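K.L.:
Show me how the following folds:
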Amino acid sequence: WSLGLVVAEAALGRYPYTNEDGKKVEFWDLLDLVVNGPSPADIVASSGRGSDACSLIDACTDKDPETRASAAQALSHPFVAGVDDRAGA
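P.N.:
Residues are numbered from 1 along each chain as shown. This is a model prediction of the structure:
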């Protein structure tokens, strides 16, 4: 879940769950947004970001833990798999 939110925040330049003023919401409102609101992938897709990023966000933030991507599945996702981990070294 966390990786999906980090990628969503990087893609949007802001936290995906905000109020109308662009400010973070209070805890109970945030909980309601996570449970009943649009997925982070839908929020990112509506901003016109890339489909590979949205696909990874969707896999990591699936609300059903049984079908949510595992760490190994996330690492093998096309958005992540092609990154050279030595690039910053």
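K.L.:
Low-confidence stretches in this protein?
P.N.:
Low-confidence segments of the chain, defined by pLDDT under 70: 84-89.
K.L.:
Show me the strands in it, by range?
P.N.:
Here the chain has no strands by DSSP state E.
K.L.:
mind listing the helices for it?
P.N.:
Listed in chain order, the helices of the chain (DSSP state H) span residues 2-12, 27-36, 40-45, 51-60, 71-75, 78-81.
K.L.:
Those helices: which one's closest to Asn19?
P.N.:
Asn19 sits nearest to helix 27-36 of all the helices of the chain, at 7.5 Å, using CB to CB. C-beta here means a position set from N, CA and C on the backbone, and glycine is covered the same way.
K.L.:
Which one, of the helices of the chain, ends up nearest to Glu20?
P.N.:
Evaluated with CB to CB, those place helix 27-36 nearest to Glu20, the distance being 11.7 Å.
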